[in-house]
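Got a predicted structure plus its sequence, pasted below:
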Amino acid sequence: MARHALIAGVSGIIGRHLAERLTAEDWIVTGISRHKHDLPSGVTHVAVDLTDEGAVKQALANIDPTDVFITTWLRQPTEAENCRVNAGMVRNLLQAMDGKPLRHVALVTGLKHYMGPFEAYAKARPVTPFREEQPRLAYQNFYYDQEDEVFAAAERQGFGWSVHRPHTLIGYAVGNQMNMAATLGAYAAICKETGRPFVFPGSPQQYEAAVDVTDGRIIAKHLLWAATEPAARNNAFNIVNGEVFRWNWLWPKLASHLGVATAEYPGHSQPLEEQMAGMEPVWDAIVAKHGLQRNPLNKVVSWWHSDADLGRVIENFTDMTKSRDMGFTAYQNSLRSFTDAFDKFRAAKVLP
C-alpha cells in the first residue's frame, strides 16, 4: 500500500525537509500551511488554518493519509494561550482524521520538554544530557498538552505514534519563526554592510558550554525511520545531529564561511534584538544591492529566538542512545549544517 503523508507545517524547516525526503522515497505528500509557499516538487498544498476546526474538517474531507506529521506551532503571549491554541490545533487535525486509514502520527516538539516553557525557562536546572526517561516538569507546557492530544486520539482511533524532540533547527526555509541559520546569515550581512563587529551575541555560559543542534535533513530521516520501524511505535525520541560542539569553536568557522572577520567575544551577552534594532533600511539596501528576494527583514530573521538559544545560562545537549539502540544511526556534521544552509540561502537569493 502506498504511503500518503500529510505534513502540517510543510513550509517550515522540518516540514520542507521532510517533504523532500518523502517524495524522494516515492511517498504521496500533501502539505498544510496557512499560506502557500515555494514548496518542493511533488507536494500537493492545502491552505488551511489549523485553529479553525470547521475549516480543517472541510479542507481535509477528501484527503486520506496513512501518516500525519505535525511539525508546526503558533507562538502566543502566554503559556496558557500556547497550550490552548497549540493543543487545539493538534486536536482539530486529528479529529479531521476520524475514519481515515491512519497508521501513524508523528508529533515534533523540542527540548523545552526538559527545560520548561518560555515563562519558566531553565528554572528546573535539568540534568544533561537530556534523556527521554526524564519526567515532565511541574510547569504548564504546551508540548505536554500536544502529546496528550496525540495519545488520546491514538487510543480512540488505533494508530501508532512517535514524538520527536529536536534541539535548535538548522536548515532552509523562509518565513520561519525559529531559523538560526538565516538569522546569523543576515546578521553577518548587516555587520559587513555597516562595519559592525560580528560578535557572538549570547551568554558566556553558552559560548563555552557543550551544545548540539538538529539539521532539518536528519530529523526528516528520523521521522521517516520512526514511521516505518515497528520497534519505534509508540515512543518518544530525542533527535540531534549526533555530536556536540562549543560556540567558541564554531563561531570563527561560521564567520569565515560568511566572509566576515571574527570579533573577540566581550564576555557578556549583546542580544541581537538590541544590536539589530532599526536595521530594516540597511537590510532593504542589502537586498537592492545584491538583487535578493524582496523579503522584509522580519521574514528572514528571528532575533528573539536566536537570542533565547544563545543567551541561555545552562548547559544543554541531548542523548541519542534510545534511537541508536533501536537502529537509527544517522549522523550529521554540525558545521556543515550551517554552511550548507548558508549556501542554500545564498543560491536562492535570500542572503547575499
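Cool, got the structure.

Identify the residue nearest the geometric centre of this protein.
residue 169 (4.4 Å; Cα atoms, centre = their mean).

Let me see the contact set for that residue.
In this structure, residue 169 makes contact with 13-14, 178-180, 213-216, 219, judged by Cβ atoms under 8 Å, 6 or more residues apart in numbering. C-betas here are computed from N, CA, C, even on glycine.

can you do 6 Å?
When the contact criterion is Cβ atoms under 6 Å, 6 or more residues apart in numbering, the partners of residue 169 are 13, 214.

and it, what are its phi and psi?
In terms of degrees, to the nearest 10, the main-chain angles of residue 169 are phi -90, psi 130.

Let me see the confidence value for it.
Model confidence at residue 169, given as pLDDT, is 96.

and the spatially closest residue to residue 175 that is not a sequence neighbour, how many neighbours?
In space, not counting the residues next to it along the chain, residue 175 is nearest to residue 299; the distance is 5.1 Å by Cβ to Cβ, 6 or more residues apart in numbering. For residue 299, the number of neighbouring residues by other Cβ atoms under 10 Å comes to 16.

circling back to that earlier point, from residue 180, how far out is the residue nearest to the centre of the chain?
Applying Cβ to Cβ, to the nearest Å, the value for residue 169 to residue 180 is 8 Å.

do the same with residue 266
Distance, residue 266 to residue 180, by Cβ to Cβ: 20 Å.

the more surrounded of those two?
residue 180 (24 against 12).

nearest residue to the more buried one other than its sequence neighbours?
For residue 180, the closest residue by Cβ to Cβ, 6+ apart turns out to be residue 306, at 5.1 Å.

So that neighbour versus residue 79, what's the distance?
21 Å.

Would you mind telling me which of those two has the busier surroundings?
Between residue 306 and residue 79, counting by other Cβ under 10 Å, residue 306 is the more crowded of the two (24 against 19).

mind listing what that one touches?
180, 183, 272.

Helices - which of those residues land there?
Assigned to helices by DSSP state H, the following of the contacts of residue 306 qualify: 180, 183, 272.

got a list of what residue 271 touches?
Residue 271 sits in contact with 201, 307, where contact means Cβ under 6 Å, 6+ apart.

What separation do you get for it and residue 178?
Remark: distance between residue 271 and residue 178 (Cβ to Cβ) = 16 Å.

Give the burial count for the closest residue to residue 88 other than its chain neighbours, as a bare number.
Excluding the flanking residues, the one nearest residue 88 by Cβ to Cβ, 6+ apart is residue 51, at 6.3 Å. The local packing count at residue 51 equals 15, with neighbours defined by other Cβ under 10 Å.

Next, work out how far apart residue 51 and residue 93 are.
Residue 51 is 10 Å from residue 93, where distance means Cβ to Cβ.

can you give me the strands in the stretch 1-150 of the chain?
In order along the chain, the stretch 1-150 of the chain carries the following strands (DSSP state E, counting those that start in this stretch): 4-8, 28-33, 43-47, 67-70, 104-108.

Tell me which of these sits most buried.
Mean neighbour counts were taken over the strands of the stretch 1-150 of the chain using mean count of other Cβ atoms under 10 Å, and the top value, a mean of 29, falls to strand 67-70.

That one: how far from the chain's middle?
Using Cα atoms, centre = their mean, to the nearest Å, we find the averaged C-alpha position of strand 67-70 to lie 15 Å away from the chain's own average C-alpha position.

which secondary structure elements does it contact?
Applying 3 or more Cβ pairs under 6 Å, 6 or more residues apart in numbering; DSSP states H and E, one finds that strand 67-70 contacts strand 4-8, strand 104-108.

neighbouring contacts of that strand?
Counting contacts by Cβ under 6 Å, 6+ apart, the residues touching strand 67-70 from outside are 3, 5-8, 104-107, 223, 227.

how distant is whichever strand or helix holds residue 336 from the center of its chain?
Per DSSP states H and E, residue 336 falls inside helix 334-347. For helix 334-347, the gap between its own C-alpha mean and the chain's C-alpha mean amounts to 16 Å (Cα atoms, centre = their mean).

List the buried residues for it?
With burial defined by 16 or more other Cβ atoms under 10 Å, the residues of helix 334-347 counted as buried are 334-335, 337-342, 345.

Look up the pLDDT of the closest residue to residue 41 other than its chain neighbours for me, please.
If the residues on either side of it in the chain are set aside, residue 41 comes closest to residue 23, at 7.0 Å by Cβ to Cβ, 6+ apart. The score at residue 23 is 96. That number is its pLDDT.

Then residue 122?
In the predicted model, residue 122 carries a pLDDT score of 64.

Kindly report the same for residue 59.
Note for residue 59: predicted pLDDT of 97.

Since that was my last question, I'll sign off now.
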